[in-house]
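> Give me a 3D structure for the following:
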Amino acid sequence: MADTPSPTAAELVASIRDKKLSAVSTVRAALERAEQLKDLNAFIVLNREAALAAAALVDAGKTTGALAGLPIVVKDNINTADLPTSAGTPALQNARPSRNAPSLQKLLDAGAIVIGKTNMHELAFGITSTNLSSFAGPIKNPYDKSRIPGGSSGGTAAAIAAGIATCGLGSDTGGSTRVPAALTGTVGLRPSVGNGGAERRYDDANLVVPISHTRDTVGPMGRTVADVALLDSVITGSPVASAEPLRGKRFGVPASFWSGLDRGLEAVAIAARAKLAAAGVVLVDVDMPGLFEQNGKVSFPVALHEPVADIPAYLRASGLEGITLADIAAKIACPDVQGAFGAITADVFGAAYPDVMNVQRPALQKIYQAYFRDNKLDAILFPTTIAPAPVIDMEKGSSEMSVNGGAPTPTFDTMIRNTDPGSNAGLPGLSLFAGMTAGGLPVGLEIDGPVGSDPKLLALGLSIEAILGTAPPPEL
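Presented below is the predicted three-dimensional model:
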């Protein structure tokens, strides 16, 4: 099968608009490739008949818009009214929400065509996407099928990396668009969340299967930064980002984010950093002391308390009142997710939650605010993950890993080390391709910015990508 790089989303849309390609042939090709690569387990369900019917309307001139005819993939925790939204968990396998999530609806209104719902770490509570639910299965990394694609948006990342679609939607709570993007050589955006309200870039309240209203957000994923910027533009109604010159831009390089890296990954990340310095980026070598410690006071208390109210609120808003939080917890398939839901149903962090939200999280945000302000930074630069993709663990779904032969550490904690603090502070972050390890695994580089700096991050990302390039297609 051909493994040439996919065209960008904008190029596909233009070719369909100019009648160089038909929407039907484009959608059919995506569906056929998904079938050919079904061993990746990237999808929970394909949307064959409806997608081809939607494509025919585009070819007939009855559907127009900025994305007319573009095949996209959608993570299966994002509500779709015409397809089940399972979140990869047995209790929701046949759940049909009453309406689409708003971010997805905007893409559909612009003419995008959903070719399928993508597989994910069960209930988004994990970083491996080794889903042990009988109808889902473990997702495989297209660059090495013995390894994870990252999570929890692993199916969207795998489908894009494999050339099934140019772009699609994931969601991000602690790294779930950015970690899989890093491990599959793709691009993932975590939009600004801030403290909610006007600071939140995407508003999908109660229409995405939740973990935490404080931390959750839908995020676009793509093969290139341009693909992600196009989806972001449609969702937000803002102009598509254009590249911003890098010369003179100030990127913070905190040593704690660059410590303890896998040696193969470190070599790639340092080489990428040197290329950016050669392009005129000013690298500001100032650390963020106490950041990881402060983040530890926020992360689990938020993620393991807010589902107590957020999941029932989602079920009500989605017209799924016949399903309860207890029903979901009772049928969970993955041991790691069962453990998390034991803490949720017991609400072990309920008593600590007010202090976390009123004292500890604001203190975390102040560390970031001071870092950007005092160092006059445009962004923070760091490796998205500290190691490339580890091997799949079919027994537990999420286990332990070793970096550079050191003592085993929990895979979850290890892989979200660099992405989690910005998530808890509500910052936007963009992970993009940095290069390949000597062993042929992708490495991701992330830039984080202050709340509301999403357009600037995308603009900088376009320029960074022009220097570092895009990932070579996997050999499938």
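> Alpha carbons of the helix or strand hosting Pro362, in CSV - could you do that?
Element membership for Pro362 (DSSP states H and E) is helix 361-374. What follows is helix 361-374 as a C-alpha-only set of coordinates in CSV (Å, rounded to 0.1, in the frame of the first residue of the first chain):
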residue,chain,number,x,y,z
ARG,A,361,-4.2,25.8,41.8
PRO,A,362,-3.9,29.6,41.9
ALA,A,363,-0.4,29.2,43.4
LEU,A,364,0.5,27.0,40.4
GLN,A,365,-0.9,29.6,38.0
LYS,A,366,1.1,32.3,39.7
ILE,A,367,4.4,30.3,39.1
TYR,A,368,3.6,30.3,35.4
GLN,A,369,2.5,34.0,35.3
ALA,A,370,5.7,35.1,37.0
TYR,A,371,7.8,32.9,34.7
PHE,A,372,6.4,34.4,31.5
ARG,A,373,6.4,38.0,32.9
ASP,A,374,9.8,38.1,34.6
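> and that helix, what other elements does it pack with?
If contacts are counted by 3 or more Cβ pairs under 8 Å, 6 or more residues apart in numbering; DSSP states H and E, helix 361-374 sits against helix 291-296, helix 420-425. C-betas here are computed from N, CA, C, even on glycine.
> If we use 10 Å, what do you get?
strand 250-252, helix 291-296, helix 299-303, strand 379-383, helix 420-425 (3 or more Cβ pairs under 10 Å, 6 or more residues apart in numbering; DSSP states H and E).
> Can you get me the start-to-end distance on stretch 135-142?
20 Å (Cα to Cα, to the nearest Å).
> same deal with stretch 31-50?
Note: stretch 31-50 ends 12 Å apart using Cα to Cα.
> One more: stretch 352-359?
Stretch 352-359: ends 11 Å apart by Cα to Cα.
> repeat for stretch 37-44
By Cα to Cα, one end of stretch 37-44 lies 13 Å from the other end.
> same thing with stretch 6-24?
End-to-end for stretch 6-24, by Cα to Cα: 17 Å.
> now that stretch: mean pLDDT?
Average pLDDT, stretch 6-24: 95.
> quick one: buried residues of it?
Judged by neighbour count using 16 or more other Cβ atoms under 10 Å, the buried positions of stretch 6-24 are 6-10, 12-13, 15-17, 21-24.
> what does stretch 255-272 give?
256-258, 261-262, 264-266, 268-269, 272.
> Distance from that stretch to the middle of the chain?
21 Å (Cα atoms, centre = their mean, to the nearest Å).
> got any ranges where this structure has weak pLDDT?
1-5, 396-398 (pLDDT under 70).
> okay, which residue of it is out on the far edge from center?
Ala60 (33.9 Å; Cα atoms, centre = their mean).
> so what's the backbone phi/psi at that one?
Main-chain dihedrals, Ala60, degrees, to the nearest 10: phi -80, psi 0.
> Let me see the contact set for it.
23-24 (Cβ atoms under 10 Å, 6 or more residues apart in numbering).
> what about it, distance to Lys20?
17 Å (Cβ to Cβ, to the nearest Å).
> Which ones among the buried residues of stretch 6-24 map onto strands?
Residues of the buried residues of stretch 6-24 located in strands (DSSP state E): none.
> any chance of these in a markdown table, with distance to Ser402 too?
As requested, these are exported to a markdown table (distance: Cβ to Cβ, whole Å):
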| residue | distance to Ser402 |
| --- | --- |
| Ser6 | 35 |
| Pro7 | 40 |
| Thr8 | 38 |
| Ala9 | 38 |
| Ala10 | 42 |
| Leu12 | 41 |
| Val13 | 44 |
| Ser15 | 46 |
| Ile16 | 47 |
| Arg17 | 50 |
| Leu21 | 47 |
| Ser22 | 50 |
| Ala23 | 48 |
| Val24 | 49 |
